[in-house]
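In: kindly generate the corresponding structure for this input.
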Amino acid sequence: MSKAHKEAMKILEKHESLDFVGLAWEIAKEAPATFCKAAYKFGATQDPKIKAELECMDLMRQGKKINAIKCWRNATGTGLKESKEFVESL
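Out: This next block holds a predicted model:
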C-alpha cells in the first residue's frame, strides 16, 4: 500500500460519517498532495474552477493567503471581498 493510500485511509477512518464529497474535501484539506494526485489521475483538474480551488488550498496550507486570493480572483473574476471570503472558507 502506497504512502498516499495509507494517508487517505487514515482520513477515511477519522471521518467515516461523511458522504463522498465531504470526505474528498477533508482529504484535500488534510492531505493536499494526495488529493491532487488523485484529482489529476481522474481528470478533475480539467475544470478550471476546481484546479484554482486546489491551487488556493495549497497556497493557504503554505500560509500564502494573499497569493491564494489573487489566484482565486484571476481564475474566477470575482471581487476582492468575495475572493477573500472564499479563500478564508477553505
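
In: can you give me the distance of Lys51 to Thr76?
Out: 11 Å (CB to CB, to the nearest Å). For every residue, glycine as well, the C-beta is placed using N, CA and C.

In: going by contacts, tell me the helices and strands next to the longest helix seen in the chain.
Out: For the chain, the longest helix by residue count, based on DSSP state H, is helix 48-61. Applying 3 or more CB pairs under 8 Å, 6 or more residues apart in numbering; DSSP states H and E, we find helix 48-61 packed against helix 20-30, helix 32-41, helix 65-76, helix 80-89.

In: check which residues of the longest one are buried.
Out: Meaning helix 65-76. Within helix 65-76, the residues scored as buried using 16 or more other CB atoms under 10 Å are Asn67, Ala68, Ile69, Lys70, Cys71, Trp72, Arg73, Ala75.

In: low-confidence ranges in this structure?
Out: 1-25, 28, 30-46 (pLDDT under 70).

In: so it: which segments form each domain?
Out: Listed by automatic domain parsing, the domain ranges of the chain are 1-44, 47-90.

In: tell me if I'm right that Leu80 and Asn74 touch.
Out: No: Leu80 lies out of contact with Asn74 (CB atoms under 8 Å); the separation is 11.9 Å.

In: what comes up buried for the longest helix of the chain?
Out: Buried-residue list, helix 48-61, by 16+ other CB under 10 Å: Lys51, Ala52, Glu53, Leu54, Glu55, Cys56, Met57, Asp58, Leu59, Met60.

In: residues touching the residue nearest to Lys65 when sequence neighbours are not counted, list them.
Out: Spatial nearest neighbour of Lys65, excluding adjacent residues (CB to CB, 6 or more residues apart in numbering): Val87 at 6.5 Å. If a contact means CB atoms under 8 Å, 6 or more residues apart in numbering, then Val87 has Cys56, Met60, Lys65, Ala68, Ile69, Trp72 as its contacts.
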